[in-house]
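Q: When you get a sec, could you give me coordinates for this:
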Amino acid sequence: MRFTASLAIASVLAFAATPVLAQGQNMDNMPGMNMPGMNMQNMLGMHMMAVTVTAVDAGTGVTDVDAGGLKLRVHFPPASLVGIKAGDKITLHLSFTKP
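A: Here you go, the predicted structure:
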């Protein structure tokens with residue numbers, strides 16, 4: 001369950017970081033990035049992945065994406081998906097932590 005929670009946090013970070021990073025800002029200065037128990041120095045496997053949105057459930061926040069043939073299902077807060085639709089190209093910023 002911890003891995004799932006960490007993956008969910010990484011997914012939220014991925015979606016939230018895209019516009020800020022596009023503006024050349026540092027993730028450490030992003031509003032909302034100070035989640036309890038989250039320490040950017042402890043993040044492992046950090047990487048970015050360009051994906052195409054294939055489906056969005058605005059009610060649950062579950063979003064299906066395709067990363068060059070690799071199909072992923074990620075979760076975001078539903079309110080953050082306003083304006084996101086199938087066919088949109090986004091960048092996921094992923095990482096995980098170990099307990």
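
Q: which other residues reach the longest strand along the chain?
A: Ranked by residue count and defined by DSSP state E, the top strand of the chain is strand 44-56. Strand 44-56 has contacts (Cβ atoms under 8 Å, 6 or more residues apart in numbering) with 63-67, 71-72, 81, 84-98. The C-beta positions use only the backbone N, C-alpha and C, and glycine is treated the same way.

Q: let's see 7 Å
A: 63-67, 81, 84-98 (Cβ atoms under 7 Å, 6 or more residues apart in numbering).

Q: Count the neighbours of the closest residue to Pro77 other than its chain neighbours for me.
A: What sits nearest to Pro77 in space, not counting adjacent residues and going by Cβ to Cβ, 6 or more residues apart in numbering, is Gly61, at 5.7 Å. Neighbouring residues of Gly61 were enumerated by other Cβ atoms under 10 Å; the total is 19.

Q: List the buried residues for stretch 65-81?
A: Residues of stretch 65-81 classed as buried by neighbour count (16 or more other Cβ atoms under 10 Å): Val65, Leu72, Val74, His75, Phe76, Leu81.

Q: Save the residues you listed as TSV, and put in pLDDT, distance to Val51 and secondary structure too.
A: Below are the buried residues of stretch 65-81 laid out as TSV (pLDDT from 0 to 100; distance: Cβ to Cβ, whole Å; DSSP: H, G, I helix; E, B strand; the rest coil):
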residue	pLDDT	distance to Val51	secondary structure
Val65	98	4	strand
Leu72	96	7	strand
Val74	95	9	strand
His75	95	14	strand
Phe76	92	13	coil
Leu81	94	14	helix
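
Q: Tell me which two in these are the farthest apart.
A: Using Cβ to Cβ, the two most remote members of these are Leu72 and Leu81, lying 15.3 Å apart.

Q: so how far is Thr91 from the nearest residue to Pro78 once chain neighbours are set aside?
A: Closest residue to Pro78 apart from its sequence neighbours, by Cβ to Cβ, 6+ apart: Gly61 at 4.3 Å. Going from Gly61 to Thr91 by Cβ to Cβ, to the nearest Å gives 18 Å.
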